[in-house]
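**Student:** here is the input, now give the coordinates:
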Amino acid sequence: MKVGWQTKALGELCEFQRGLTYGKADEVDFSENIVLRANNVDLTTHRLDLSDLRYISDTVRVPPAKKLLKGSLLICTASGSKSHLGKIAYVDEDYGFAFGGFMGQITPTLEIDNRYLFHALTSPAYKEFIEALSDGLNINNLKFDDLKQFVVAFPPLQEQRRIVAILDEALEAIATAKANAEKNLLNARELFNSQLRYVFATAGETCEAVRIEDVCESIMDCVNKTAPKVDGPTPFKMIRTTNVRHGRVSLDSVNYVSEETYLIWTRRQTPQRGDVILTREAPMGEVGMLLSDEKVFLGQRVVSYRANAEKLDNRFLLYALQSQPLQDQIRARASGSTVQHMRVPDSKNLQLPLPSLNEQKSIVEILDALREGSHQLEAIYRSKLAALAELKKSLLQQAFSGKLTASKHARVTQPAALQTTSPEFTANVIAIAYARHARQMREKSFGRVKEQKTLHLVEAIAKIDLGRQPMRDAAGPNDFQQMLKAEAWAKAVGFFEMVSHDGRYEFKKLSAFEERLATANWALAPYLPQLDSVIDLLVPMDKTEAEVFATVLAAWNNLLIEGSAVTDDAIVSAAREGWHADKLEIPGHRFRSAIELIRQKGLIPDGTAKYVGGQQSLL
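**Tutor:** Below you'll find the predicted structure:
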């Protein structure tokens with residue numbers, strides 16, 4: 001801890017006051033007696049929300065101690081929801097309101113600044129403290145004696161006020177940026193949705209509507225009972241309603257079954273790539289297209305549409321079912337007093353506006369382009385929101401460990417635009433990749449080999465030019481000099497370093513890691529969608545898998561640039577025998593598995609990535 005700082009328990013720094021107790025019979029429609037409750041604490045801004053006030057009879061005496069004091073903190077000590085438990089709001093005015101029995105008021109002594117205390121009680125450390133206190137409680141109730149044990153680190157008052165000034169300014173800027181990003185995220189979604197509404201509203205006016213079953217090869221529902229699951233994983237996966245969202249069928253989280261069950265549940269029809277899946281219940285009306293050749297089958301409450309290719313484009317069908325006119329039809333056919341659902345016969349009777357097949361394909365091209373643009377914008381704004389959350393967390397952690405300075409604040413909150421070819425940009429990429437590995441407990445797999453393969457794939461797949469000049473190396477396509485410049489920059493600013501341990505290199509966090517990582521996420525926010533696609537691909541891989549994958553991708557791209565014939569045998573030869581003698585130690589089937597994975601992921605090279613030249617000695 002820095003010189004001049006000390007720590008004390010919250011109970012030594014504040015006075016605690018319980019709220020006013022009153023009965024249900026004391027509540028009235030309006031009076032001068034206003035009592036605040038848990039719902040008056042805004043969980044996002046930590047300010048008072050006065051939109052829903054509780055009034056009690058003027059005959060109820062409210063002692064002065066039960067009224068809000070300016071500069072105090074209102075805390076929820078009991079609530080019907082754990083989301084409110086322990087949450088606080090800063091009292092910025094002398095409102096004259098009382099606070100109820102499930103609330104408490106914390107008033108700091110002269111030893112600690114009230115705004116400093118406010119920031120301490122919205123910090124990650126306080127959040128973890130409250131979660132530990134409330135974990136496993138059957139009732140949502142916090143005791144003052146427990147709350148008083150929270151330890152606060154604080155410097156002298158003058159330094160507290162300097163820190164408060166920095167935090168108030170920085171957090172206000174973050175809140176503004178967050179509001180703007182949330183608004184832009186909604187606008188990005190609405191951009192596509194408004195065009196989708198317009199297209200199918202127009203089609204409904206100009207085209208004849210047909211019964212959807214008349215233009216489909218089949219409309220298939222599930223077996224009318226739940227398939228028996230196994231622990232898995234197995235090759236046989238169930239599509240549930242939760243797997244169908246926003247135009248896609250995700251197989252990331254599925255239930256597994258045995259081969260015997262799979263054969264029984266697919267005896268009428270096996271789902272295939274291009275089928276459009278609609279949820280009939282829980283929730284009703286979600287639509288997605290199956291884009292996998294894996295062995296899947298329909299679970300309960302979903303129905304599959306297979307378009308007749310001579311009459312109906314399957315992507316036109318996907319967009320049509322997502323559009324407002326078809327969604328209105330689905331809701332109109334809903335039944336059920338508790339949970340809304342659509343019957344299977346009704347799913348076959350939906351009316352679909354049907355232009356000619358050529359017109360359908362033209363509409364799909366336009367909507368595909370709009371959807372891709374909308375998704376890219378959404379990804380950018382989601383990344384910005386995540387980066388802002390990390391930045392806020394980092395600032396609060398720095399503030400209460402004595403590491404927050406005005407110069408750091410300026411650097412963190414206003415990162416300069418980075419050149420993608422700069423060592424700083426590459427270092428940020430490396431750190432973000434490591435952090436993603438660490439979150440999934442895969443950090444032990446992130447050494448020098450995986451570090452270098454990450455950088456190669458960022459250029460080859462994400463199409464972000466890092467200024468590398470990749471060469472053929474024993475461990476795959478490498479540019480060690482470019483990577484070492486990034487590592488040297490990272491070490492110089494206290495970010496991270498790669499250290500040798502038992503014959504391999506490991507990632508080591510340095511003192512400024514958390515601060516620098518927050519800055520990296522914000523500075524690279526426009527690139528995070530592309531970076532995520534690469535990092536998420538590499539996280540599950542071990543060192544050899546990453547090495548082989550990157551080598552195969554590079555060899556394949558080289559063949560295209562050279563104008564050579566591209567066959568699986570040619571790719572394996574270029575990536576194994578023609579790459580480096582050490583590659584012969586890796587079985588050929590692993591290179592062929594990498595080729596298949598590249599095809600499955602839709603990452604087939606087009607010859608536009610950098611050419612990987614002759615050998616460079618390993619360091």
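**Student:** now the element after the helix or strand bottoming out on mean pLDDT in the chain, going C-ward?
**Tutor:** Least confident helix or strand, the chain: helix 406-413 with a mean of 44, by mean pLDDT, DSSP states H and E. Next helix or strand after helix 406-413 toward the C-terminus (DSSP states H and E): helix 423-439.
**Student:** mind listing what's buried in that next one?
**Tutor:** 423-437 (16 or more other Cβ atoms under 10 Å). Where C-beta positions appear, they are placed from N, C-alpha and C, glycine not excepted.
**Student:** what's in contact with it?
**Tutor:** Residues from elsewhere that reach helix 423-439 (Cβ atoms under 8 Å, 6 or more residues apart in numbering): 418-419, 443, 445-446, 451, 454-455, 458, 466-467, 482-483, 485-490, 495-496, 507, 513, 516-517, 519-521, 523-524, 528, 531, 535-536, 538-539.
**Student:** redo that, cut-off 7 Å
**Tutor:** Residues from elsewhere that reach helix 423-439 (Cβ atoms under 7 Å, 6 or more residues apart in numbering): 418-419, 443, 445-446, 451, 454-455, 458, 466, 482, 485-486, 489-490, 495-496, 507, 516-517, 520-521, 523-524, 531, 535, 539.
**Student:** now, which of the buried residues of helix 423-439 sits nearest L10?
**Tutor:** Nearest to L10 among the buried residues of helix 423-439: A435, at 31.6 Å, using Cβ to Cβ.
**Student:** can you read off the pLDDT for the closest one?
**Tutor:** Model confidence at A435, given as pLDDT, is 89.
**Student:** same check on L524?
**Tutor:** At L524, pLDDT is 85.
**Student:** do the same with the one 5 residues further on
**Tutor:** Per-residue confidence for P529 comes out at a pLDDT of 81.
**Student:** quick check: it touching S383?
**Tutor:** Yes - using Cβ atoms under 7 Å, P529 makes contact with S383 at a distance of 6.5 Å.
**Student:** in the stretch 101-250 of the chain, which spans are strands?
**Tutor:** Per DSSP state E, counting those that start in this stretch, the stretch 101-250 of the chain carries strands over the ranges 103-108, 151-154, 209-211, 216-221, 236-239, 244-245, 247-249.
**Student:** for A132, find the nearest of those strands.
**Tutor:** strand 151-154 (12.8 Å).
**Student:** centre of the chain to the closest one, how far?
**Tutor:** 32 Å (Cα atoms, centre = their mean, to the nearest Å).
**Student:** could you do stretch 521-533 as well?
**Tutor:** 12 Å.
**Student:** quick one: end-to-end length of that stretch, please.
**Tutor:** 15 Å (Cα to Cα, to the nearest Å).
**Student:** residues in contact with that stretch?
**Tutor:** 376, 379-380, 383-384, 386-387, 390-391, 415, 418, 428-429, 432, 458, 461-464.
**Student:** rerun that using 8 Å as the cut-off
**Tutor:** Here stretch 521-533 makes contact (Cβ under 8 Å, 6+ apart) with 376, 379-380, 383-384, 386-388, 390-391, 415-418, 420, 425, 428-429, 432-433, 458, 461-464.
**Student:** thanks a lot, catch you later.
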